[in-house]
Every structure is written in C-alpha cells, then in structure tokens.
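Participant: for reference, the sequence and a predicted model appear below.
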Amino acid sequence: MTDSISTQPDSDTLVRIRGLTTVLNGKTIFDALDLDIPRGKVTAIMGPSGTGKTTLLKHITGQMRGDAGDVVVDGNNVPTLSREKLFELRERIGYLFQNSALLTDFDVFENVAFPLRQHTRLPEELIRNIVLTKLQAVGLRGAAGLMPAELSGGMARRVALARAIVFDPMLILYDEPFVGLDPIALNQVLILIRTLNETLGITSVLVAHELDAIKQVADHIYLIANGKVVAQGDPRTIANDGSPWTRQFFGGEADGPVPFQYPAGDYAASLGFTGGKA
Amino acid sequence: MSAQPMRNNLVLRSLAQIGACALFLLQILAAIPRSLKHGRETVRQLWFVGAMSLTIIMVCGLFVGMVLALQLYYVLSIFGGTAASGTVVALAIYRELGPVVTALLFAGRAGTSVTAEIGLMRATDQIAAMEMMAVDPIAYVIAPRFLAGLIAMPLLCCVFCALGIFGGHLVGVTWLGIDNGTFWANMTSTVELGKDVINGVLWKSVVFGAVVSLIAVFQGYTTPPTSEGVAYATTRTVVASSIAILALDFVLTAFLM
C-alpha cells in the first residue's frame, strides 16, 4: 500500500492516509488504517476513549510518525518530510488544542499576532488589522487586552481559534473543541466552525465525542475502534448504521464490542478464590 | 532486584541523561543563530534570570563577606595578622566563594524557575502549540534562556564579589577597627587581575552559568508533562546543578591554578 500511494495533490481529497500502523508501548493504536479527508468539508473523527483520535491528528501534523504507512497532506507525505518542509506545511495548518494552549506570557492580541510576528515582516499596522479582524470573527475583539488567565474556557477556545486561522489555513484540526463548554459557548464554537468552513472554504477535522454537536456541523463521520475505521458516512447514515460498533457508541451502551472491563486476569483468582470455591 | 543490577541501572540511566544533555546542548548551539532574531526574548529572559536575581545575590554577597571577615579576624588575631584580613577576604571571594555561591544561588533562584516555566509550558501544550505554528521552540524558548543565563552569571558574580568585599570592609574596618589603608593596600598588592579575578570570577562563572542554564532548560524541556514531573524536574535542577558546580569547581581550580 505504501508503494502505490500518490503524492500528487488531489482536488477532492486533502488528507489521504493509507496503511497507517502505529504501535505504542506494545499496544497497537492503528492497524493498517485507511482514511480520506475530503477538501472543503467538515470531517469528524469519533471513537471510544484511547482509540487514537488525537494520535491521528498528531500523525497528520507530523508530531508523531507511525511504524508503517503513509499520511499524505496536500501532496506531501508527512512522515518523509524534512523538518523545514514540515514547518512549511504546518504554516498552512491550524491546530486547536484541547486546552487551547495559549501562551500565558502574552495577552490575547499578542497570542493571535504571534504566528504573524514569527513568520512575516508585516508592518505593525497591518498586523494589528489582521489580528483585530480575526478577533472580530470569533467575537472577542473587545478582549484583545486580556491575559489568558482572565478568559473563560470558551473564550480561550475562541482565541485559540482566532490564532489558528490567522494565516487563513487550508486545514484546521480541532482536538476535542467542545470539552468543558457550557451550551452557549458550545453553540458559539459550533457556529464558528461551520462559518469558517463555509466562508473561507477551510477543510476541518474534528475529534469529538458530542454526537449532537457533531450532527449539526459534520459532513462526514469516521468511527475508529481497534485501530481501524469501523464505520463511516454522513451523520444520518452512520447513526442508523446498525452495526454493533455504532449501536454501542451512539447508543451509549456500557458493554459491547468495546468491553466495559479493562483486560485483566481471572476475577475469582485475583480475589484469592481457587477452583471456584471460597 | 539485587543491589548490583540496580547500581548498574542507575549508572546507565545517569550516563544516558548526560548523553542526552550533551546532545541537547548541540541542538541549542545550532539554534543560537536562529534565536538571534528573537533578541527581545533574550533581553526579557536576561531581566528575569539576571535582574530579578540581584536582590538575593546582593544580600548573600554582603553577608558572606561580613561573616568571612569576622571569622578571619579572630583566626588571624591569634597570629597577629589581622592586617591580612582584606587580602584573604578578597582572595576567598574572587577565587571560590564568589563564583561558587553565586552559581548555587543562581541555580536555586533562576534555574528552578526556568525549569518550572518550561515544564509548565510543555504540560499546557504551549511548546506543542509553537511547533504547530512552525516556530522552533529550541530557538524561541530554550536558546534565549540559555544565553540569558550565560550572560547573567558573570555579571551577578561581579555584583556578589563587590558586595562581599564591601561586607568584609564593613566588619573588618568599620566594626573591628582594622586600618582602612592597610585593608585596601594589602588587598590591591596581593590580588592579581589575571590569576585571581579573570580566572576566578570570569571563567568559573561563565562555565557555571552555562552548566546551570543547560541543566535548567534540559530538565524543563524533558520533564513528563505532569505536576509531579515538573516538581521532580525542579528538584533535579537544584541537585544536579549543585553537584556539577562543586565538581567542576575542583576541576577548574586544578586547571586554572
């Protein structure tokens, strides 16, 4: 599979993953995973906890390399890129961290301006205008002077989003963007994701568990479990898929293909009972 | 596990740490040209590790000089040699106490805060966010802190020595009544610029500054991203820096004598 993959930019697919295999500490995270992220769409990656969703984002951005397989982003096979080429690619990717990852020494304005100051020699006035435009887009122009410690979780997430889109990226990766948000903040983030996708045509990849939110925003859903894609489709199709995986995951069943119990030895033996007798 | 394999394991882990630290130093040195464009960050760190350490360095320098003069006065008075107090205070401070105590204080005051800051940046994904924004954290975060420590240590050492000698003068001359002219004349005639001041204050403090800064940034950058990890890393910075300073002091003294 790794021999045949094309590294030519594809007009329909922005991210193409083929045969991705990753083993961490003896545990197989991805087992020859195949997955495509279409251009200009919102794609959601879902799955049980610990199934490797965030790890998948790290593979796409080159923060991690798999043991085998290809991760091609806009024609660039990420695992084979040099550090310089990888950084060039990352300038075209926005990444929203689960905990926002704002730079705590800088205020909101400087956080959003940070990538511009590092990679361009734009005049101060232009930087100011770009930053204020992005902050206006996320509704936080008035918070430009606040420090990260003064922001609520939802506000910090929106500032991080403003920073992620400051270069108008081709791809934004959202790692658990809805965690810890109240319904108002969640709705604001949802609207922003959809608006950015529709107005700027940015390809978006979301890792999230909130099915109701995902249904509102995603064009395509991948359900990952046991290192593979176990179901995929648009939100309506996948919810009615009927497979044991989707039934358990979307139905919130405690036991099923994903066992309730973490793998362990014999219960009676661990309690000190032998041969079924006390 | 028996004692022997445990000892071997400890030795191997220590050697691996030293090797990783040496490789990290090479990364920092390679990143220094790129870090020069972040000059403002280096100046900010210089303020943080240098200027903010001034109070503790000045106070400790003053008291070390005072207690040294007091002890020497009583020892030298047995032999009727109290006039040599100024000389011995100056030699002890320039050659040993200045660079060593400054470095130990620097490790405790600035080294730990650098480790904790970098460790928390890692724990809160700020380092990962920089990498995702295509900003090299070695050039932006690590190299400026390393350079700031390298520059700040000799300057702090000079301040420590000045305050130490002032403290010695305060006790020896003002309090215990040693003649002012004798105090300074003996000192200036015995202390040599190259052998005592340059070798002691400059070379030792530059080496100690580099070692403490390297240990501080290395521990912060490689710490596990947990609160416990950061706590252990700051402790390791003080312990490893203290051992390195005292061991290197012996080696440097042997070479520079």
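Facilitator: Alright, I've got the coordinates. Residues are numbered from 1 along each chain as shown, chains lettered A, B, ... in the order given.
Participant: I'd assumed A:Ile221 was in contact with A:Asp234.
Facilitator: Yes: between A:Asp234 and A:Ile221 a contact is recorded at 7.2 Å, counting by C-beta atoms under 8 Å. Any C-beta I mention is one placed from the backbone N, CA and C, and that applies to glycine too.
Participant: who's more crowded, those two?
Facilitator: A:Ile221 (27 against 12; other C-beta atoms under 10 Å in any protein chain shown).
Participant: my guess is the more buried one contacts A:Lys41. True?
Facilitator: No: A:Ile221 is not in contact with A:Lys41 according to C-beta under 8 Å; the separation is 11.1 Å.
Participant: who in the stretch 1-150 of chain B is up against chain A?
Facilitator: B:121, B:124-126, B:128-136, B:140 (C-beta under 8 Å from any C-beta of the partner chain).
Participant: just the ones of those residues in strands?
Facilitator: Within the residues of the stretch 1-150 of chain B next to chain A, no residue falls in strands by DSSP state E.
Participant: quickly name whichever of those residues is closest to A:Phe178.
Facilitator: Closest approach between those and A:Phe178, by C-beta to C-beta: B:Asp125, at 17.4 Å.
Participant: spell out which residues of the stretch 51-200 of chain A are next to chain B.
Facilitator: With C-beta under 8 Å from any C-beta as the criterion, the stretch 51-200 of chain A meets chain B at residues A:61, A:63, A:87-88, A:90-91, A:93, A:95, A:97-99, A:101-104, A:114-115, A:118-119, A:163.
Participant: hmm, 6 Å instead?
Facilitator: A:87, A:90-91, A:95, A:97, A:99, A:101, A:103, A:115, A:118 (C-beta under 6 Å from any C-beta of the partner chain).
Participant: which of those residues has the weakest pLDDT?
Facilitator: The member of these with the lowest pLDDT is A:Asn99, and it reads 88.
Participant: who are the packing partners of the strand or helix carrying A:Thr54?
Facilitator: Following DSSP states H and E, one finds A:Thr54 within helix A:53-60. On a contact count with 3 or more C-beta pairs under 6 Å, 6 or more residues apart in numbering or on different chains; DSSP states H and E, helix A:53-60 meets strand A:171-175.
Participant: count of residues packed around the closest residue to B:Ala129 other than its chain neighbours?
Facilitator: In space, and not counting its chain neighbours, B:Ala129 is closest to A:Ala101: 3.8 Å by C-beta to C-beta, 6 or more residues apart in numbering or on different chains. Residue crowding around A:Ala101 was assessed by other C-beta under 10 Å; the count is 25.
Participant: helix, strand, or coil at A:Ala101?
Facilitator: What DSSP: H, G, I helix; E, B strand; the rest coil gives for A:Ala101 is coil.
Participant: residues touching it, list them.
Facilitator: Neighbour list for A:Ala101: B:125-126, B:129 [criterion: C-beta atoms under 6 Å, 6 or more residues apart in numbering or on different chains].
Participant: please apply the same query to A:Leu96.
Facilitator: A:Leu96 neighbours (C-beta under 6 Å, 6+ apart): A:160-161, A:164, A:174, A:177.
Participant: so which of the residues you listed sit within helices?
Facilitator: Among these, the members found in helices (DSSP state H) are A:160-161, A:164.
Participant: could you dump those into a markdown table and include distance to A:Thr133, pLDDT and neighbour count?
Facilitator: Converted to a markdown table, those look like this (distance: C-beta to C-beta, whole Å; pLDDT from 0 to 100; neighbours: other C-beta atoms under 10 Å in any protein chain shown):
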| residue | distance to A:Thr133 | pLDDT | neighbour count |
| --- | --- | --- | --- |
| A:Ala160 | 16 | 94 | 27 |
| A:Leu161 | 13 | 91 | 26 |
| A:Ala164 | 14 | 92 | 26 |
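Participant: let me know the secondary structure of the residue of the stretch 151-257 of chain B found nearest chain A.
Facilitator: In the stretch 151-257 of chain B, the residue that lies nearest chain A is B:Pro225 (10.9 Å; C-beta to the nearest C-beta). Following three-state DSSP, the label given to B:Pro225 is coil.
Participant: distance of it relative to B:Val206?
Facilitator: 32 Å (C-beta to C-beta, to the nearest Å).
Participant: name the residues that touch the helix holding A:Thr54?
Facilitator: A:15, A:29, A:45, A:47, A:64, A:66, A:71, A:173, A:175, A:207.
Participant: and which of those residues is nearest to B:Ala20?
Facilitator: B:Ala20 lies nearest to A:Met64 out of those, by C-beta to C-beta, at 19.6 Å.
Participant: element containing the closest one?
Facilitator: Going by DSSP H and E, A:Met64 is not part of any helix or strand.
Participant: what pLDDT is listed against the closest residue to it other than its chain neighbours?
Facilitator: The shortest distance from A:Met64 to any non-neighbouring residue, by C-beta to C-beta, 6+ apart, is to A:Lys58 (4.1 Å). We have a pLDDT of 94 for A:Lys58.
Participant: tell me the buried residues in stretch A:89-104?
Facilitator: By neighbour count with 16 or more other C-beta atoms under 10 Å in any protein chain shown, stretch A:89-104 contains the buried residues A:89-91, A:93-103.
Participant: what pLDDT, on average, does the helix or strand B:Gln27 falls within get?
Facilitator: Here B:Gln27 is covered by helix B:3-35, with elements defined by DSSP H and E. In this model, helix B:3-35 has a mean pLDDT of 88.
Participant: look up phi and psi at A:Ile17.
Facilitator: Phi and psi for A:Ile17, reported as degrees, to the nearest 10, are phi -110, psi 130.
Participant: pretty sure it sits against A:Val71.
Facilitator: Yes: using C-beta atoms under 6 Å, A:Ile17 is in contact with A:Val71, at 5.3 Å.
Participant: with just CA atoms, put the worst-scoring helix or strand of chain A on mean pLDDT into PDB.
Facilitator: Sorted by mean pLDDT, DSSP states H and E, the helices and strands of chain A end with helix A:244-251, the least confident at a mean of 75. Provided in PDB are the C-alpha atoms of helix A:244-251 (Å, rounded to 0.1, in the frame of the first residue of the first chain):
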ATOM      1  CA  PRO A 244     -22.600  -3.400  16.900                       C
ATOM      2  CA  TRP A 245     -19.900  -0.600  17.000                       C
ATOM      3  CA  THR A 246     -22.300   2.200  16.100                       C
ATOM      4  CA  ARG A 247     -25.000   0.800  18.200                       C
ATOM      5  CA  GLN A 248     -22.800   0.800  21.300                       C
ATOM      6  CA  PHE A 249     -21.000   4.100  20.600                       C
ATOM      7  CA  PHE A 250     -24.000   6.200  19.600                       C
ATOM      8  CA  GLY A 251     -26.400   4.300  21.900                       C
END
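Participant: with that, I have no additional questions.
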